[in-house]
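Engineer: I'd like to go over a predicted model; first the sequence, then the structure.
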Amino acid sequence: MDILFNMRAFVCVAETGSFTAAAARLDLTTSYISRAVATLETHLRARLLHRTTRRIALTEAGQRYLLRCQQILGYIEEAEAEASDAHARPAGNLKVHAMTGIGHHYLIQAAADYSETYPEVSFDLTLANRTTDILDEGYDVSVITARELPDSGFISKQLGTTYSVLCAAPGYLARHGVPARPGDLLQHRCLRLVYPVMSLDQWLLDGPAGEELVTVEHTHFQVNTVDAMAVALRAGMGIGALPVYSALPSLLDGSLVRVLPGHTLYPLGVFALYPSRQYLDAKIRTWVEFLRERLPARLAADEQQLLACSAPPGQ
């Protein structure tokens, strides 16, 4: 038995005053509406309507039940309107996961800019250097960096690409010398970044001579966030890899120098993952679209700045 439909049929009969008028409003036959109300009365074991050949009238039980039905159906209509509105209008809490570096350097500012356009959306941002189970952990969107995405049922949108560069403090290089080729790194203190998408002990450098693999067998320091790595490098602890967005501020102010400026490593895609394309909540849809419009330009601008500050003087 469809209890909600039967309740709607009963309310419609009560409000219009006849089975015929109710059937016309609901675009159904009179006999169908009559059966629906009769089924409801049988289910409740109570007569809701007095029926005569001329008119119908509510019983005392019918009057009380009508008020309850109107309240219940009203709540359902409100819930349906809210759910439909969520598809059309961005509002509510947006729960986002992002890897730490991308989150610090891009997503917080992006959230601030997005909020100017969509002030009814609030953010719950979690930064963690790991992939996440979006459904189990209740995230709406996850922004990650990866060489390639694992198979999953999630929808993915690529937001751009990035890579890492080798850096060191000027003081460290003054004491220990400047590597001229990838093999020279074996004579230096190489710091490891413990990161889910990067190898701990191998640097695959892409340069003018193609790809060259350097194995970092021993290190006296490793850390799990790019911002912490940048601090260690500025302190003169050695040579390490930093993503462009993390290296750039220190390269611009001179507290770090790019090592082997013709080489890059760890090319990565930046992806937004979310659970489903069908009936997508407006806040998820507009947030992903916002990132797709803004983030590639930010990544490209940072890369141009990196190239400018890495170029030899006079170029």
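Structural biologist: Great, that's in hand. Nothing here was measured: the structure is a model prediction, and the numbers come from that model.
Engineer: can you list the low-confidence ranges for the chain?
Structural biologist: 1, 81-88, 150-152, 196-200, 277-279, 310-315 (pLDDT under 70).
Engineer: check contacts around Ser276.
Structural biologist: When contacts are counted by CB atoms under 8 Å, 6 or more residues apart in numbering, Ser276 is found next to Ile155. (Glycine included, C-beta is placed from N, CA and C.)
Engineer: wait, Arg55
Structural biologist: Contacts here follow CB under 8 Å, 6+ apart; on that basis Arg55 touches 17-18.
Engineer: got the phi and psi for it?
Structural biologist: For Arg55, the backbone dihedrals are phi -160, psi 170 (criterion: degrees, to the nearest 10).
Engineer: helices along the stretch 51-200 of the chain, start to end?
Structural biologist: Along the stretch 51-200 of the chain, counting by DSSP state H, counting those that start in this stretch, helices occupy 60-88, 100-102, 108-117, 134-137, 170-176.
Engineer: can I get the CA coordinates of the fourth one in PDB?
Structural biologist: So the one you mean is helix 134-137. Extracted in PDB, the C-alpha atoms of helix 134-137 (Å, rounded to 0.1, in the frame of the first residue of the first chain):
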ATOM      1  CA  ILE A 134      35.000   9.900  -0.100                       C
ATOM      2  CA  LEU A 135      31.900   8.000   0.800                       C
ATOM      3  CA  ASP A 136      33.100   6.400   4.000                       C
ATOM      4  CA  GLU A 137      34.500   9.700   5.300                       C
END
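Engineer: ok, back up a step: most tightly surrounded among the helices of the stretch 51-200 of the chain?
Structural biologist: helix 100-102 (a mean of 23; mean count of other CB atoms under 10 Å).
Engineer: got a list of contacts for it?
Structural biologist: Helix 100-102 is contacted by residues 127-129, 143-145, 225-227, 243, 245-246, 270 when judged by CB under 8 Å, 6+ apart.
Engineer: which of these count as buried?
Structural biologist: The neighbour-count test (16 or more other CB atoms under 10 Å) applied to the contacts of helix 100-102 identifies 127, 129, 143-145, 225-226, 243, 245-246, 270 as buried.
Engineer: now for these: which two are most distant?
Structural biologist: Checking those against each other with CB to CB, the farthest-apart pair comes out as Thr225 and Val270, at 17.0 Å.
Engineer: coming back round to it: make a markdown table from the buried ones among the contacts of helix 100-102 and add distance to His104 to it.
Structural biologist: Rendered in a markdown table, the data for the buried ones among the contacts of helix 100-102 read as follows (distance: CB to CB, whole Å):
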| residue | distance to His104 |
| --- | --- |
| Leu127 | 7 |
| Asn129 | 11 |
| Val143 | 12 |
| Ile144 | 14 |
| Thr145 | 13 |
| Thr225 | 9 |
| Val226 | 8 |
| Pro243 | 11 |
| Tyr245 | 9 |
| Ser246 | 8 |
| Val270 | 14 |
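Engineer: ok, back up a step: turn the contacts of helix 100-102 into CSV, columns for distance to Leu107.
Structural biologist: Converted to CSV, the contacts of helix 100-102 look like this (distance: CB to CB, whole Å):
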residue, distance to Leu107
Leu127, 8
Ala128, 13
Asn129, 14
Val143, 6
Ile144, 11
Thr145, 12
Thr225, 15
Val226, 14
Asp227, 14
Pro243, 14
Tyr245, 11
Ser246, 14
Val270, 10
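Engineer: now, which of those residues sits nearest Tyr163?
Structural biologist: Distance to Tyr163, by CB to CB, is smallest for Pro243 among the contacts of helix 100-102, at 7.3 Å.
Engineer: who are the contact partners of that closest one?
Structural biologist: Pro243 makes contacts with 101, 145, 162-164, 226, 266, 268, as judged by CB under 8 Å, 6+ apart.
Engineer: grab the nearest non-local neighbour of Asp124.
Structural biologist: With sequence-adjacent residues excluded and distances taken as CB to CB, 6 or more residues apart in numbering, Asp124 is closest to Lys95, at 4.5 Å.
Engineer: and if you look at Ala61?
Structural biologist: Once flanking residues are discounted, Ala61 sits nearest to Ala46: 4.6 Å by CB to CB, 6+ apart.
Engineer: touching, the one you found and Leu58? I think so.
Structural biologist: No. Counting by CB atoms under 8 Å, no contact exists between Ala46 and Leu58, whose distance comes to 11.6 Å.
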